[in-house]
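Need a 3D model of the following:
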Amino acid sequence: KIAPGVCGCGVSELDTDSDGTEDCIDGCPNDPNKTDPGTCGCGNPEIGSGCDDGDPCTTSDVVDGSCVCTGTLPTTYWNMGAATPTTTTLNNATVGGITRGNNLPAPGTNTLLNGTSASTTYPGFSGGNNAGVAARTGPLKIAGEESAYFEVTVTPAAGYIFTLSGISFGTRSTGTGPANYAIRTSLDSYAASIATGSITVTGNPWAFKSNTGLSTASPTGQALVIRIYGYGGAGSPGNNTTNWRIDDLTITGCSVCQF
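Next comes the predicted model:
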């Protein structure tokens with residue numbers, strides 16, 4: 001027990017986690033790892049207080065509404081206003097601009113970034129520009145007449161490895177565009193998918209795709225190339241006619257020193 005009558009509790013109260021805040025006014029009475037118990041424990045629920053989640057990659061660690069200590073992982077985000085990232089909080093790594101591959105050839109060109117068919121319908125959509133490609137139909141192909149893809153490259157600093165833990169994006173596909181996506185990396189020369197999903201073609205809606213719980217690490221000090229492949233489309237797409245778009249791309253990960 002701690003001192004009785006603190007801030008109006010009226011009677012001696014248990015302090016289960018021994019953090020200096022009585023259980024009767026402690027929003028998280030079973031968490032001894034909170035680092036900000038508040039002045040004399042008076043009315044501070046401790047939810048939102050500082051803590052340490054034990055992950056060296058996260059920042060701004062706080063006690064959440066479930067009394068769990070959680071932090072924010074570094075991210076890089078594109079709203080497609082330019083090929084280069086819009087914002088980034090990645091440390092000890094550089095991130096290149098978004099590019100595309102296997103755009104169906106034809107005279108002229110369809111631009112990578114434009115404002116046609118702006119993103120809508122998912123929370124947090126940015127509208128404005130998006131990234132587009134003229135994708136082939138059929139199954140996923142990595143060799144020969146390959147499936148279309150969007151690509152970004154993360155290069156950790158010397159002595160560091162970068163581990164990709166998540167990737168999310170908004171996407172829209174036309175009637176001849178990809179019905180599926182697969183995320184692959186240069187770690188195994190794009191041989192295996194680290195995440196997959198479907199893309200709704202009927203009605204051509206924008207939808208948000210979130211892929212979490214990934215754990216793909218670059219070699220020490222070497223680049224990790226990340227590709228989002230699109231495949232499974234049908235019909236006869238026109239050369240240089242954009243039939244697949246993405247927007248609001250975010251990659252989440254962390255660079256850790258190996259020495």
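
Buried residues, stretch 246-258. List them.
For stretch 246-258, a neighbour-count test (16 or more other CB atoms under 10 Å) marks Ile246, Asp247, Asp248, Leu249, Thr250, Ile251, Thr252, Gly253, Cys254, Ser255, Val256 as buried. In short, each C-beta sits where N, CA and C put it, glycine included.

Could you list the paired strands of the host helix or strand of Ile226 along with their orientation?
In the assignment (DSSP states H and E), Ile226 maps to strand 224-231. Taking DSSP bridges as the criterion, strand 224-231 pairs within the sheet with strand 149-156 (antiparallel), strand 180-185 (antiparallel).

Can you spell out which helices and strands pack onto the following helix or strand past that strand?
Downstream of strand 224-231, the first helix or strand assigned by DSSP H and E is strand 244-257. Helices and strands touching strand 244-257, by 3 or more CB pairs under 8 Å, 6 or more residues apart in numbering; DSSP states H and E, are strand 75-78, strand 130-133, strand 149-156, strand 160-173, strand 224-231.

So for Asn204, which of those strands sits nearest?
Using CB to CB as the measure, strand 160-173 is the one of these that comes nearest Asn204, at 6.1 Å.

now the angle between strand 244-257 and the closest one, please.
Following axes from the mean of the first three to the mean of the last three CA atoms, to 10 degrees, one obtains 170 degrees for the angle between strand 160-173 and strand 244-257.

CA-only coordinates of strand 160-173 in CSV, if you can.
Written as CSV, here are the backbone C-alpha positions of strand 160-173 (Å, rounded to 0.1, in the frame of the first residue of the first chain):
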residue,chain,number,x,y,z
TYR,A,160,23.3,-1.3,-41.3
ILE,A,161,20.6,-3.7,-42.5
PHE,A,162,17.1,-2.5,-43.5
THR,A,163,14.2,-4.7,-42.5
LEU,A,164,10.9,-4.2,-44.3
SER,A,165,8.0,-4.8,-41.9
GLY,A,166,5.0,-3.4,-43.8
ILE,A,167,3.8,-2.0,-47.1
SER,A,168,0.5,-0.4,-47.9
PHE,A,169,-1.1,1.4,-50.9
GLY,A,170,-4.3,2.4,-52.6
THR,A,171,-4.9,0.7,-55.9
ARG,A,172,-7.3,0.8,-58.8
SER,A,173,-7.5,-1.6,-61.8
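
follow-up on the earlier one: which one of the buried residues of stretch 246-258 is nearest to Trp206?
Comparing the buried residues of stretch 246-258 against Trp206 with CB to CB picks out Asp247 as the nearest, at 7.5 Å.

Which SSE is immediately downstream of the helix or strand of the chain with the lowest mean pLDDT?
Ranked by mean pLDDT, DSSP states H and E, the helix or strand of the chain with the weakest confidence is strand 59-63, at a mean of 83. Using DSSP H and E, the helix or strand that follows strand 59-63 in sequence is strand 69-72.

For that next one, buried residues please.
With burial defined by 16+ other CB under 10 Å, the residues of strand 69-72 counted as buried are Cys69, Gly71.

same check, this time on stretch 100-107
Applying a neighbour-count criterion of 16+ other CB under 10 Å, one finds Arg100, Asn102, Asn103, Leu104 buried in stretch 100-107.

Now render the residues you listed as JSON lines, adding secondary structure, distance to Ala217 and pLDDT.
Shown next, in JSON lines, are these (DSSP: H, G, I helix; E, B strand; the rest coil; distance: CB to CB, whole Å; pLDDT from 0 to 100):
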{"residue": "Arg100", "secondary structure": "strand", "distance to Ala217": "25", "pLDDT": "96"}
{"residue": "Asn102", "secondary structure": "coil", "distance to Ala217": "26", "pLDDT": "93"}
{"residue": "Asn103", "secondary structure": "coil", "distance to Ala217": "30", "pLDDT": "91"}
{"residue": "Leu104", "secondary structure": "coil", "distance to Ala217": "34", "pLDDT": "87"}
